[in-house]
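> Sequence plus predicted model, see below.
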Amino acid sequence: MDWLEEELKRALPRQEPAPGFAARVASRRSASVVPVRRWLAVAASVVVLAGGGVGYRWHQGIQAKEQVMTAVRIAGSKLNQVQSHVREVGR
Amino acid sequence: MKPAGKLLCCVVAAAALLAAQQFQFNLDHLAAKAKETVDISLSSAMLQFAAKFMDGNDPEEAQVKKLLNGITGIYVKSYEFKNDGAWAPADLDRVRNQLHAPQWARIIVVTSKEDGENAEVYVRSENQKMTGLAILVSEAKELTVVNIVGSIDLNSLADLGGHFGIPKIETPLPKK
C-alpha cells in the first residue's frame, strides 16, 4: 500500500450514516414523485376540460343549426300558405 | 341590483334586441295561454355560428346555408292555442302598426273567410334594396310572426321552392 492510500484512509475514514438517514432519503424520493403525478393529473384535467369545451361548443352549434332550420321551416311553410291562397284566388 | 340599475339593464337589452330585430313583436303575454310556443331569435353572430355546422353535402342544409348569405337575423314567434279567441286582433295590430311606409311595404294580403286565416307579407327596403321581410299569419288558434333581417335574395329563396314548402315568390323587386 503506498503512502497516498494511507493518507486517504486517514483523511476519509468510514463513517456510519446518521440515524434516520435511509428514511429521509426514501421520503425525499417519494416527495419528488408526487409533483410529477400532480402535473400529470393537472394535464389530464386540462385535456378533459378542453375536450369538454369542444364538445359543448359542438353541442351549441348543432342546437343553433336546428334553430335556424326550424325558423326557416316555419317561415317557408307560412309563405307557402300565403302562396297557395294567392293561387286559389288566381284560379 | 338597484331598481334603476335593473331598469337600465332592461332598456339596454330591449334596445339591443330592437337594433337587431326590425320591429317589436310584443307578444310574450300570449305564451302563457298557448298550447305550443316557438320563440326563435337568431342574431347575425348566431346565424354565422350555425352556418359553420351546416353540412354542405346535405342538399337542404346547403340551400339554407346559401340563403343565410346576406341574412343578419331571423326572429320567429309562433303560438298555437287550444281554444279560439286566445289572441286579440289588437295583438296583431301592435305589430302591424310598426310596419309602415316608407320603409315597409305590404306586398301580399290574404284574408280567408272560409277558414279564418289571414296572412300578410311585408318587405322592408332601403335605397331600393330589400333589407327585411315580415310575415304575419293568424288563424283562430294560431298566430305566427316572422322577421327575417337582411338583404334577402328572392332568387335564392325561389331556388328553395319545394324545400320545406318554401314557395317560389314571384314578387317583382323594386327597380334600381
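Yep, that arrived.
> For B:Tyr75, what is the enclosing helix or strand?
When secondary structure is defined by DSSP states H and E, B:Tyr75 falls within strand B:71-81.
> typo on my end, it should be B:Val149
Here B:Val149 is covered by strand B:142-150, with elements defined by DSSP H and E.
> Show me what the strand holding B:Tyr75 is packed against.
Contact analysis of strand B:71-81 by 3 or more CB pairs under 8 Å, 6 or more residues apart in numbering or on different chains; DSSP states H and E lists helix A:21-90, helix B:3-20, strand B:34-42, helix B:44-51, strand B:142-150 as its packing neighbours. In short, each C-beta sits where N, CA and C put it, glycine included.
> Next, give phi and psi for the closest residue in space to B:Asp55 that isn't next to it in sequence.
When the adjacent residues along the chain are set aside, B:Asp55 lies closest to B:Glu61, with 4.9 Å between them (CB to CB, 6 or more residues apart in numbering or on different chains). For B:Glu61, the backbone dihedrals are phi -70, psi -40 (criterion: degrees, to the nearest 10).
> Let me know which of the helices and strands packed on strand B:71-81 is the nearest to B:Ala119.
In terms of CB to CB, the element of those nearest to B:Ala119 is helix A:21-90, at 4.5 Å.
> That closest one - contacts with which helices or strands?
For helix A:21-90, the packing partners by 3+ CB pairs under 8 Å, 6+ apart come out as strand B:34-42, helix B:44-51, helix B:59-68, strand B:71-81, strand B:104-112, strand B:117-126, strand B:129-139, strand B:142-150.
> thinking again about what came up before, contacts only, for the residue nearest to B:Asp55.
With contact taken as CB atoms under 8 Å, 6 or more residues apart in numbering or on different chains, B:Glu61 is in contact with A:65, A:69, B:54-55.
> Can you name the residues that contact B:Ile108?
Contact partners of B:Ile108, counting by CB under 8 Å, 6+ apart, are A:82, A:86, B:119-121, B:171.
> How confident was the prediction at it?
Note for B:Ile108: predicted pLDDT of 86.
> so where's chain B shaky on pLDDT?
By pLDDT under 70, the low-scoring segments of chain B are B:1-19, B:153-176.
> okay if I get the contacts of B:Ile108 as CSV plus neighbour count and distance to B:Leu133?
Putting the contacts of B:Ile108 into CSV (neighbours: other CB atoms under 10 Å in any protein chain shown; distance: CB to CB, whole Å) gives the following:
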residue, neighbour count, distance to B:Leu133
A:Val82, 23, 12
A:Val86, 17, 16
B:Ala119, 22, 13
B:Glu120, 21, 11
B:Val121, 23, 7
B:Thr171, 13, 10
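> which of these lies closest to A:Gln15?
For the contacts of B:Ile108, the minimum distance to A:Gln15 (CB to CB) is 100.4 Å, reached by B:Val121.
> Apart from its chain neighbours, what residue comes closest to the closest one?
Take B:Val121 and drop its neighbours on the chain: the residue closest to it by CB to CB, 6+ apart is B:Ile108, 4.1 Å away.
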